[in-house]
Each structure stands twice: as structure tokens, then as C-alpha cells.
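K.L.:
next one to model:
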Amino acid sequence: MIEFKNLVKRFGTRTVLNGLNLKIREGEILFILGTSGTGKSVLLKNIVGLLTPDEGEIWIEDQDVSKFTEEQYFSIRKTCGMVFQHPALFDSLTVFENIAFGLRRHYQLDEDVIRAKVQKALKLVHLSGVEDKKPAQISYGMQKRVSLARTIALEPRILLFDEPTTGLDPVTTTAINQLILDLSRELKTTSLVVSHDMNCALSIADRIVVLDKGSIAAIGTPEELKASSHPLVKDFLSEVLEA
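P.N.:
Alright, predicted model coming up:
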């Protein structure tokens, strides 16, 4: 589904991604873990063209997108839905209008079709009945779910999550992670989740990648990661055991 070949990304003299190679299988939930500054979010932004690699290739569904123009990336961005760290909703719009925004911008659809898609997306994130509320009238956790509904309303085949549980309490964090699992399975998407939370990764990931200094320190299933002897993996696991 997605493949990185010798991917390099630099910011000035600092190399953030250092010759990274990774294949992401269709339909899997892949967690990308690592300490701050190891290139986790940079990796996602390279997929959707918000950043471009300095060296190497990015293949999405048999296309090398690493040299795509902004216009060529339009179709790729329809394939990839990105859920950012913060909800980034329009405060002046209702929940319904926020979710409908992308549908109206990118597709020529009848209003009844848009309404049906918005209601379906809200149902999938367990938020039916809040269509007429403004973002300020719902909790931060609910805003996160509206952001997710806005993304899945466009029916992407790839879902990208950038620290989706940042700023949430433990109960809401568990609910969001369960949503990621349920949606990925129900919608049959390929899901990449950037996180620092090993506990969440162990709960729902098919595979886990641990980045260190722009390269892959460890990769494997949750069970394989539990058996890893890599010091950084052990540090993440120790946090789970201490929690």
C-alpha cells in the first residue's frame, strides 16, 4: 500500500529521516513510536505532500509520489485522510458544516447525499445528534471525534493519525483508540498512527515501528516488540509496566 525507499529528510544541517526503508501492508494498523524529534510526524507529512523528501522515494498504490507536483498530489490526498493532533474545526460552523466542508469543496454532490454521508460519519464515531452544535458547545474529546468524522466522510483508503490522543484523559484516550481499531476494520483502511504511547500501540496495532534518530530501531508485532532487547523499546515498555 505504502513504501518508503531510502527516505531522507533534512531541515538545514539536521537530518530527521535518515535513509528510512519501510513497507506498509494494505489493511494493517501500523503504530509509529519514538521520542520527540525522531521524525514521526515528518514521515506522515511526506506521505501527503505537506513536506517533500530530500532523497529517496515514497510509493503509494504503485505510484512514486516523491516528485509529484501540487496538482498531481490532489488525487493522493483524496486517498489519504489525515487526522491532526488538534481538531482544527471551524469555530463559526456547526458540526454538520464542519464535516460537510470537504465534501462540498472536493465533490459535486447533492445536499441529500452530503447529509447522508455526514450522518453516517457521525454514527461511525458515536456522535449522532450533535449536528447543529458548534465546536465550543461540545467537549474536546468530542471535537476530536468530529475531526475524525470529517476525515472518514471523504472515504479515504488510508488513514493517517498524528498523535490522536494528545491532551485527552485516559478514558477518552481508550475510546479514541478503540475507534481507530473499529473504523480501520469496518472501513477496511490502512491506518498509520503516530504516537508516543506504547500501551495504546500494544492494544490495537498489527505492527509497531520504533524510530530512533531518523531510522527504524525496531519493528514487529506487539508480541515481537515485547521480546525486543533494544534499549529504546525497553524504555517504552517500562513505562507501560510502571503505569
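K.L.:
only C-alpha atoms from now on, for both contacts and neighbour counts.
P.N.:
Noted.
K.L.:
hey, where'd the strands end up in this protein?
P.N.:
Along the chain, counting by DSSP state E, strands occupy 2-11, 14-24, 29-33, 55-60, 63-64, 80-83, 158-162, 190-194, 207-212, 215-220.
K.L.:
now do the third one, average pLDDT.
P.N.:
Think strand 29-33. Taken as a whole, strand 29-33 has a mean pLDDT of 95.
K.L.:
show me what that strand is packed against.
P.N.:
Packing partners of strand 29-33 (3 or more C-alpha pairs under 8 Å, 6 or more residues apart in numbering; DSSP states H and E): strand 190-194, helix 198-204, strand 207-212.
K.L.:
what about 7 Å?
P.N.:
strand 190-194, strand 207-212 (3 or more C-alpha pairs under 7 Å, 6 or more residues apart in numbering; DSSP states H and E).
K.L.:
what are the bridge partners for the residue most central in space within the chain, then?
P.N.:
Central residue of the chain (C-alpha atoms, centre = their mean): residue 161, 1.7 Å from the mean position. Residue 161 has these beta-bridge partners by DSSP bridges: residue 83, residue 193.
K.L.:
sorry, back to before: I'd like to know which of the helices and strands packed on strand 29-33 lies nearest to residue 103.
P.N.:
Among the helices and strands packed on strand 29-33, strand 190-194 comes nearest to residue 103, with 21.0 Å by C-alpha to C-alpha.
K.L.:
can you tell me what sits against that closest one?
P.N.:
Contacting residues not belonging to strand 190-194 are listed as 26-33, 40-41, 157-163, 184 [C-alpha atoms under 7 Å, 6 or more residues apart in numbering].
K.L.:
same check on stretch 30-37?
P.N.:
By C-alpha under 7 Å, 6+ apart, the surrounding residues in contact with stretch 30-37 are 40, 191-196, 201, 205-212.
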